[in-house]
Structure formats: C-alpha cells, structure tokens
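1. Kindly generate the corresponding structure for this input.
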Amino acid sequence: MMGGELSAGVATRDITPRPDGRPVFLAGYGRDRRATAIESPLLVRALALCDGPRLAVIVACDLIGLDRSDVLLIGDALAARGIDRDAVIVACTHTHSGPDTLGLWGADAAVSGVDEAYLAQVRHAVVEAVVEALALRCPVTVRGGTGRLAGWVANYRDPAIVDDEVVALQFIKPDGAALATLVNLACHPEVFDGTSLVVSPDLAGVACRTIEAQAGGMALHVSGALGGMLSPRTPDRSHDSMVAMGRAYAAAALAALAGSEAVPAALRRRRSSFRLPMSNPLLRQAHAAGILRPRRLYGDDVETTCSVIDLGPIQLVTVPGELLPALGFVLKAAMPGPCRIIIGLADDEIGYILPDDQYVAPVDYNDPGSQYEESVSLGPQTGSRVVAAALALLAATVGAEPGR
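-> Residues are numbered from 1 along each chain as shown. The predicted model follows:
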C-alpha cells in the first residue's frame with residue numbers, strides 16, 4: 001500500500017517537580033534521596049507522525065519510568081479526545097535524577113515515593129503534548145544516520161557487552177529547517193550518582209538542548225537496550241562530566257546525520273499485548289503492599305506491550321523495560337534497514353529484561369550482590385517472551401495492515 005505525504009508535529013511540556021513543598025523523592029539509587037535543587041527542567045517531548053490515515057506518536061518523558069497502569073490512564077484520556085491510544089508510545093529516558101514515579105524510592109522500604117498529584121500532572125502533560133503535536137503537523141521528509149559514542153559507555157555486568165551505537169533521525173520541513181531530531185543511545189542517564197540531590201534529565205537533557213541549539217527544532221532522546229548495566233564511562237560524576245558526555249552524544253548524532261539523504265518514509269505501525277509471569281517475590285510483595293503502582297494482575301501474570309513503527313526502511317521497536325544489550329542485538333539483527341532503533345522503557349517499566357540463560361535467581365532478593373538485575377526483574381522467562389513478541393511484530397512488516 002502506498003503512503004500519503006508524511007507530516008509531523010512536535011510539542012513539549014515542563015514536568016519539573018518543585019522541591020519547595022512536598023518532598024521530591026529521587027528515583028534510581030537508594031531510598032529517601034530528597035531533591036534540594038533543580039539542575040535543569042524535566043520535559044515531556046512529543047513527536048507526532050501522520051501518513052494519510054496512519055498515525056504514530058512517540059513521547060519521551062524525562063522520568064525513571066512509567067508503569068503500565070499510568071500509561072493506560074493516559075490512553076483513556078487520549079481516547080476521550082478521539083485519539084487512537086494504540087498509536088501513542090509513551091517512553092521514559094530513565095534519568096536517575098528525576099522523581100520516583102514507580103514507588104520504589106520512598107522514605108523507607110514500606111512507603112511509596114510517588115506523589116500522586118505530581119503523577120496526575122505528568123499524565124495530563126503527556127496528553128496535552130500529544131494533542132498539540134497533532135495539531136501542529138506540517139509536511140516533512142525524514143533522513144537518518146548512525147554513529148558511535150566510543151569510549152563513553154561501559155557495562156558493569158558480566159559479560160560486559162556494550163552497544164554504543166548512536167542512531168539519529170531528523171524530520172525536515174519544506175523550507176529545509178529541522179522540525180525534530182530523534183536520537184537513540186543505550187546508556188543509563190546517570191552521570192549524576194546517588195550522592196546527587198538535584199533534579200535533572202542528566203546527559204539526555206544536555207544532548208537534546210545541544211542538538212536544538214545547533215540544528216534547530218525539537219530534539220528527543222529515547223533510551224535503547226540499556227539494561228545490565230550500561231552506564232556512563234566518565235572521569236567522575238560531576239556536572240562537568242555530565243555536560244561533556246551529553247555534548248559528545250549530541251556531536252555523534254549530528255555527525256551521523258551529516259550528508260544523509262531523505263528516504264521514502266511510508267508509515268506503518270503494529271502493537272501486541274502479552275502476559276508475563278511475575279515470579280520475583282520482592283516485586284510481588286511490593287505490589288501487594290501498595291508500594292508499586294496498582295497494576296492489574298492476571299493470576300500470577302502481568303500484561304504488557306511491544307510496538308513496531310516502520311518509516312520506509314527505518315524501523316523502531318519498543319520494549320517495556322530495561323533490555324540487556326545481548327537481547328538488543330537479537331532485535332537489531334531482525335531489522336534489515338539502515339537505521340534500527342530500540343525504544344526501551346516504552347509504555348511500561350517491568351524492570352530488567354535478561355536473557356533466560358543469564359538469569360540467576362538471587363539467594364536473597366534484598367541483598368542480591370552480583371544478581372542485582374535479577375532482583376528487579378519479573379522473572380527468568382521475561383527475556384525470551386519479550387523478545388519473541390518483538391520479533392513477531394518485526395516479522396509482520398511485509399504485508400502488515402497499516403496503523404490507523
């Protein structure tokens with residue numbers, strides 16, 4: 001089926017929490033880490049794409065993650081406005097200097113760190129950004145390129161597999177100006193460590209602001225297969241190091257786009273939902289105690305989702321958590337195009353997604369040692385089931401029904 005003219009629109013919303021009233025519990029490291037200052041704003045960034053009747057929206061939030069239950073509430077609000085909820089992907093950058101939106105980092109192990117009023121504001125901001133991006137569409141062409149962020153990414157889990165590929169897509173308006181640049185890297189945005197008490201999008205925010213200053217338009221970062229434990233390799237965890245890595249990432253993305261040509265970009269999308277067993281006793285206990293978000297259980301299973309977006313030869317596949325890079329390479333091998341993007345922490349945050357044969361259950365989930373990733377994973381079958389769902393969507397590319 002031939003596509004129509006590709007159009008795109010962008011919008012942003014500020015979701016920076018203010019540490020001047022209720023405490024802002026920072027997510028990603030230890031508990032009871034209360035923000036005292038704002039390094040730079042947290043944003044929701046929305047990129048809406050249309051091709052005739054076909055629609056896809058990618059939203060990137062400067063947050064640790066969003067549970068499926070909150071994404072479903074966003075979908076309800078979008079549907080109430082006549083927007084196809086299945087067309088919208090809500091991803092999180094996984095910054096470790098943002099507020100607790102999952103519940104794991106409160107004052108102590110028995111208390112959620114989520115501020116319900118703040119989370120309601122986030123959901124509203126996502127909906128408003130999607131609506132505005134759809135309203136502001138204009139014709140675009142798309143070009144893409146790939147590069148490396150060599151020397152900046154390390155893996156702190158054996159066997160220390162690293163994916164330092166940078167993928168960049170740029171959407172160009174008829175006057176030649178950039179409307180949006182989407183960039184993708186597999187690395188935790190955590191140059192700031194657990195001693196930091198500032199609110200910040202970390203290196204992803206620096207990268208986006210740098211690209212916007214140099215190329216124009218809006219930039220958005222989506223995290224790739226960053227699990228197990230792809231983390232910044234910097235001399236220290238200072239602000240200067242964070243800025244340096246963010247600028248290096250931006251430079252790699254812009255270099256990847258240099259000289260690239262527009263490609264035919266017929267839009268297609270597919271989504272599937274599936275269930276996964278939650279065998280992790282720590283997560284089950286936290287769910288039962290109301291510390292985690294109140295998602296629906298199907299017996300011992302949870303339901304989650306994957307999506308695929310095709311833009312001509314360019315492919316994007318989403319996964320609902322922190323995929324280990326070994327599995328990321330499996331998905332990339334199934335994408336034959338020139339630009340292959342994995343969007344992690346998309347439409348859910350189920351924790352680490354490990355290869356089944358690398359999963360070793362901790363003896364003590366509260367003190368997991370080298371099995372940290374397993375202690376925040378649903379269970380030993382998560383990796384194979386998520387990858388199978390994503391591969392099935394990728395295999396359905398030829399002859400797939402268009403998303404509407």
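
2. Please count neighbours and contacts with C-alpha atoms only from this point.
-> Noted.

3. Do you have the strands of the stretch 201-350 of the chain handy? List them.
-> Using DSSP state E, counting those that start in this stretch, the strands found in the stretch 201-350 of the chain span residues 218-223, 230-232, 262-263, 267-277, 301-311, 314-318, 322-323, 340-343.

4. What mean pLDDT does the first one get?
-> Summarised as a single mean, pLDDT over strand 218-223 is 99.

5. Neighbouring strands - and their directions - for that strand?
-> When pairing is defined by DSSP bridges, strand 218-223 lines up against strand 178-185 (parallel).

6. And the contacts of the strand it pairs with?
-> Identification of contacts with strand 178-185 by C-alpha atoms under 8 Å, 6 or more residues apart in numbering yields 9-10, 47, 164-173, 211, 215-224, 253, 341-343.

7. hmm, try it at 6 Å
-> 166-172, 216-224 (C-alpha atoms under 6 Å, 6 or more residues apart in numbering).

8. What of stretch 108-124?
-> 25, 74, 100-101, 103, 105-106, 291.

9. related to what we said a few turns ago, can I get the strands of the stretch 201-350 of the chain in TSV including mean neighbour count and distance to Ala389?
-> TSV is the format used below for the strands of the stretch 201-350 of the chain (neighbours: other C-alpha atoms under 10 Å; distance: least, C-alpha to C-alpha, whole Å):
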stretch	mean neighbour count	distance to Ala389
strand 218-223	27	19
strand 230-232	23	23
strand 262-263	14	28
strand 267-277	19	7
strand 301-311	21	7
strand 314-318	23	10
strand 322-323	30	13
strand 340-343	29	14
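
10. looking at those, which is closest to Asp51?
-> strand 267-277 (5.8 Å; C-alpha to C-alpha).

11. got the angle between that closest one and strand 314-318?
-> 20 degrees (axes from the mean of the first three to the mean of the last three C-alpha atoms, to 10 degrees).

12. Strand 267-277: how far from the chain's middle?
-> How far strand 267-277 lies from its chain's middle: 16 Å, per C-alpha atoms, centre = their mean, to the nearest Å.

13. Give me the helices and strands touching it, please.
-> Judged by 3 or more C-alpha pairs under 6 Å, 6 or more residues apart in numbering; DSSP states H and E, strand 267-277 is in contact with strand 301-311.

14. which regions of this protein sit below the pLDDT cut-off?
-> 1-4, 397-404 (pLDDT under 70).

15. Tell me where it has helices.
-> 68-80, 116-135, 203-215, 239-257, 281-288, 325-333, 372-375, 382-395 (DSSP state H).

16. returning to that earlier point: now, among the contacts of stretch 108-124, which is nearest to Val142?
-> Distances from Val142 to the contacts of stretch 108-124, taken by C-alpha to C-alpha, are shortest for Ile74, at 27.9 Å.

17. Tell me how many other residues crowd the closest one.
-> For Ile74, the count of nearby residues is 22 (other C-alpha atoms under 10 Å).

18. Quick check: the residue lying closest to it once chain neighbours are set aside vs Leu72, distance?
-> Using C-alpha to C-alpha, 6 or more residues apart in numbering and skipping residues adjacent in sequence, the residue nearest Ile74 is Arg123, 5.7 Å away. Using C-alpha to C-alpha, to the nearest Å, Arg123 is found at 10 Å from Leu72.

19. higher neighbour count, those two?
-> Ranked by neighbour count (other C-alpha under 10 Å), Arg123 and Leu72 place Arg123 first, with 20 against 16.

20. Against Ala160, how distant is the more buried one?
-> Noted for Arg123: a distance of 36 Å to Ala160, by C-alpha to C-alpha.

21. just to revisit the earlier point, would you turn the strands of the stretch 201-350 of the chain into TSV with distance to Ile15?
-> Shown next, in TSV, are the strands of the stretch 201-350 of the chain (distance: least, C-alpha to C-alpha, whole Å):
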stretch	distance to Ile15
strand 218-223	15
strand 230-232	24
strand 262-263	33
strand 267-277	27
strand 301-311	25
strand 314-318	23
strand 322-323	23
strand 340-343	21
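
22. so which of the ones you listed comes closest to Ser375?
-> strand 322-323 (13.0 Å).

23. Contacts for that closest one, please.
-> If you take C-alpha under 6 Å, 6+ apart as the criterion, strand 322-323 is touched by 225-227, 351-353.

24. out of those residues, which one sits closest to Ser241?
-> Ranked by distance to Ser241 (C-alpha to C-alpha), those are led by Leu226 at 19.4 Å.

25. My read is that that closest one contacts Glu190, right?
-> No. Leu226 lies out of contact with Glu190 (C-alpha atoms under 6 Å); the separation is 11.4 Å.

26. Between the two, which is the more surrounded one?
-> A direct count of neighbours by other C-alpha under 10 Å for Leu226 and Glu190 places Leu226 higher, at 31 against 23.

27. distance of that one from Arg13?
-> 25 Å.

28. do Cys187 as well
-> Distance from Cys187 to Arg13, by C-alpha to C-alpha: 24 Å.
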